[in-house]
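1. When you get a sec, could you give me coordinates for this:
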Amino acid sequence: MSIRLLDDHLINKIAAGEVIERPASVVKELLENAIDAGASRIAVRITGGGTTSIEVEDDGKGIPLNEIALAFQRHATSKLSSADDLQQIVTMGFRGEALPSIAAVARVKVYSRCAGEPGLFFHIEGGRIMACEEYNAVPGTRMLVEDLFYNTPARKNFQKSPVSEGIFIHDLVGRYALARPDISISFSSQGRLYFKTPGNGQLRDAIIAVHGASLAEQLLPFAYQGENICLSGFLSRPELKKPNRKWQYFYVNTRPIRSPLLYRAVEQAYQGMLVSREFPVAIINVNIDPKMVDVNVHPQKSEIRFRRDQDIFRTVHEVLRSCLQEYQVKISSYRHPPDDAAVTTDLAESVSSGWISTGIPSFQNYKPRVSLPPRAVKTDTTITVPTADSGNIKIIGQFLQSYIIAEVDQELYIIDQHAAHERILFNRLLKQDKDHRRTSQELAFPQVLELSALQMEILQEHSEFFSSLGFDLGLLGHNTVIIRAVPVGLNGHEEETIIEMLDAPQGEEKEQWPSKALISMACRQAVKAGQALEPAEIKAIVEDLLDTPNYKYCPHGRPTLIKISLQDMERMFKR
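-> Below you'll find the predicted structure:
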């Protein structure tokens, strides 16, 4: 086949494939353009998961009539003028690829007006201009993108369901809403408003608007002013755990990014506070000299490079760790308040240090966890457990109140009590679900739970599933539910269990959602590491574990036990 030049329309379609991967890519580019236009209000509306229509309206400076056609040509931009500008990019966009890429694979209508100029209407389909004329538009810009990928059926066939694509867009708009709390950003799908941030510059208020007040109450603020870097944002208390990194937001000079470097900094800051497969919530803003960051790495501009990455890592890690340690000190002070004599002797000193005469700390929004007093555990926990397939099991006891030590046929068993109990409960829940046998426990005092709009929609969509598990939930308001009853054994963990179930993946893994919900329930009900167990409880866990299918691994995939044979033991001791 001979070499030949491709025509412009085919070139544009190929180039569009690098920038416009899915409907969320369109929303991202239009959002960034609105931000760069100086908007103080941005509204995003979609139908059909974005493939039917995407509308982004802002009150920015608008597009002049004599520049609108140029804006849809490749590599046309108002944000760069020379190669030197690439060394210090301060705008969200800069390549001049977004609008022509969108226009190459969709039908686009633009209504825009600059201050003191006539408005315009511009219509372009598949890269071909259909209309360009004056129009009585309101100040700002309204972009309407319809029939996305109508002329590229191969790309359209690879899109997820409208629900999945809509969730991607919801998450993306929420990410930008937290990046710019000074801009009022709203998101609507199928005519329903999911959130609208106030645009008052307060990050906590933006978090409440996007994710609900219940999440915001569990976050710790932090701020740091250095010579070359400024950090600010929120971290979750160690008690709040998420099953994935979906709740970690990183911004560099207000640009949402993904960064393995910052992921590691967060993980190491929480080291010793969370176990494997548990992730905190983190909203981290990094302000740094633009010359120290390279954002021209990927077409979607979501990956960056730091010029001094180790310095960035060290600073972020130390600031986050300091925030968490300060929180732990407050909790430690709460659990061990000064004695009555010290308070009586110098009341003023006690108050100034954060204590009043009743011994209650003055820091706000802290809700102490309710815990039972420790139980006495017998020192002699040697028990013989007869089983059908393993002979006699000699239980020796607990190690660090987290691991069960047992001897089986000249092999040493070390059992993770939490993972083992989690597997037992998960299999039990699976069987109950299959047999349609659920037992509920009414709460003596019904709990009120506030959710985000997306969580509320998921809850309503899966209301029958929650009922089948044993939950009795009722609607109190637009984003509020009342918990009247929960599955037996879940009392005390109902709120975090429901939220964790609602945070389970809803996109391409939606068919796995019921299983992940049951895993969450089993994890919450299982005994915890560091919990002292009575001999009868140890015996029950070991018996039930060995009588459970797939007993070697917990539902998350972690091992429940390890075996050390006599031969391995002798090899270690070089016998």
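2. Who are the contact partners of Ala131?
-> The contact partners of Ala131, by C-beta atoms under 8 Å, 6 or more residues apart in numbering, come to 121-123. No exception for glycine: its C-beta is placed from N, CA and C like everyone else's.
3. mind running it again at 10 Å?
-> 109, 120-125 (C-beta atoms under 10 Å, 6 or more residues apart in numbering).
4. Just the buried ones out of those, please.
-> Buried subset of the contacts of Ala131 (neighbour count, 16 or more other C-beta atoms under 10 Å): 109, 120-122, 124-125.
5. if we can go back for a sec, just the ones in helices from the contacts of Ala131, please.
-> Using DSSP state H, no member of these falls in helices.
6. Taking those residues, tell me the two that lie furthest apart.
-> Leu120 and Glu125 (17.0 Å; C-beta to C-beta).
7. mind showing which ranges of this structure have poor pLDDT?
-> Low-confidence segments of the chain (pLDDT under 70): 1-19, 74-96, 276, 295-302, 329-391, 433, 435-438, 489-491, 504-513.
8. Just to check, Leu407 is in contact with Tyr413?
-> No, residue 407 isn't Leu; it's Glu. Yes - counting by C-beta atoms under 10 Å, Tyr413 is a contact partner of Glu407 at 7.2 Å.
9. shared neighbours, those two?
-> By C-beta under 10 Å, 6+ apart, the residues touching both Glu407 and Tyr413 are 393-396.
10. Please name every helix or strand in contact with the longest helix seen in the chain.
-> In terms of residue count, the longest helix belonging to the chain (DSSP H) is helix 309-335. Here helix 309-335 touches strand 219-225, strand 229-236, helix 260-269, strand 282-288, going by 3 or more C-beta pairs under 10 Å, 6 or more residues apart in numbering; DSSP states H and E.
11. Would you mind giving these as a markdown table with distance to Glu442 added?
-> A markdown table is the format used below for the helices and strands packed on helix 309-335 (distance: least, C-beta to C-beta, whole Å):
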| stretch | distance to Glu442 |
| --- | --- |
| strand 219-225 | 32 |
| strand 229-236 | 31 |
| helix 260-269 | 40 |
| strand 282-288 | 37 |
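12. Let me have the ones you listed in CSV, extended by distance to Tyr249 and mean neighbour count.
-> Below are the helices and strands packed on helix 309-335 laid out as CSV (distance: least, C-beta to C-beta, whole Å; neighbours: other C-beta atoms under 10 Å):
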stretch, distance to Tyr249, mean neighbour count
strand 219-225, 12, 15
strand 229-236, 8, 20
helix 260-269, 10, 17
strand 282-288, 5, 21
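13. ok, how many other residues are close to Leu172?
-> 19 (other C-beta atoms under 10 Å).
14. Over to the one 4 residues further on?
-> Counted with other C-beta under 10 Å, the burial measure for Tyr176 works out to 25 neighbours.
15. May I ask you to confirm that it is in contact with Tyr251?
-> Yes - Tyr176 lies in contact with Tyr251 (C-beta under 10 Å); the separation is 9.5 Å.
16. Then Glu422 would be within a helix, right?
-> Yes - counting by DSSP: H, G, I helix; E, B strand; the rest coil, Glu422 is found in a helix.
17. which one is it nearest to, not counting chain neighbours?
-> Spatially, and ignoring its direct neighbours in sequence, Glu422 is nearest to Ala526 (4.2 Å; C-beta to C-beta, 6 or more residues apart in numbering).
18. I'd assumed Arg428 was in contact with the one you found.
-> No - contact criterion C-beta under 10 Å: Ala526 and Arg428 do not qualify, at 11.1 Å.
19. any chance of the buried ones among the contacts of Ala131 in CSV, plus distance to Leu475?
-> Listed next are the buried ones among the contacts of Ala131 as CSV, based on distance: C-beta to C-beta, whole Å:
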residue, distance to Leu475
Lys109, 38
Leu120, 45
Phe121, 43
Phe122, 44
Ile124, 44
Glu125, 44
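20. Closest one of those residues to Ser463?
-> Lys109 (38.5 Å).
21. So in terms of bridging, what pairs with that closest one?
-> For Lys109, the beta-bridge partners are His123, Leu144 (DSSP bridges).
22. measure it to Met130 for me?
-> Separation of Lys109 from Met130 (C-beta to C-beta, to the nearest Å): 9 Å.
23. Residues in contact with both of those two, list them for me.
-> With C-beta under 10 Å, 6+ apart, Lys109 and Met130 have common neighbours 122-124.
24. could I get the residues you listed as CSV with distance to Lys160?
-> Shown next, in CSV, are those (distance: C-beta to C-beta, whole Å):
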residue, distance to Lys160
Phe122, 30
His123, 29
Ile124, 26
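25. Among these, which one sits closest to Trp247?
-> Among the shared contacts of Lys109 and Met130, and counting by C-beta to C-beta, the member closest to Trp247 is Ile124, at 38.2 Å.
26. Surely that closest one touches Ile68?
-> Yes - judged on C-beta under 10 Å, Ile124 makes contact with Ile68 at a distance of 9.4 Å.
27. Make sure Val105 is actually in contact with Ala154.
-> No - in this structure Val105 lies outside contact range of Ala154 using C-beta under 10 Å: 11.1 Å.
28. Around Ile208, count how many other residues there are.
-> 20.
29. cool, and the one 4 residues further on?
-> Using other C-beta under 10 Å as the criterion, Gly212 is surrounded by 22 other residues.
30. With Ser53 instead?
-> Neighbour tally, Ser53, other C-beta under 10 Å: 17.
31. List the contacts of it.
-> Contacts of Ser53 (C-beta under 10 Å, 6+ apart): 23, 45-47, 106-107, 144-148.
32. cutoff 7 Å now
-> 46-47, 144-146 (C-beta atoms under 7 Å, 6 or more residues apart in numbering).
33. just Val26 next, same as before
-> 20, 50, 54, 102, 145, 148.
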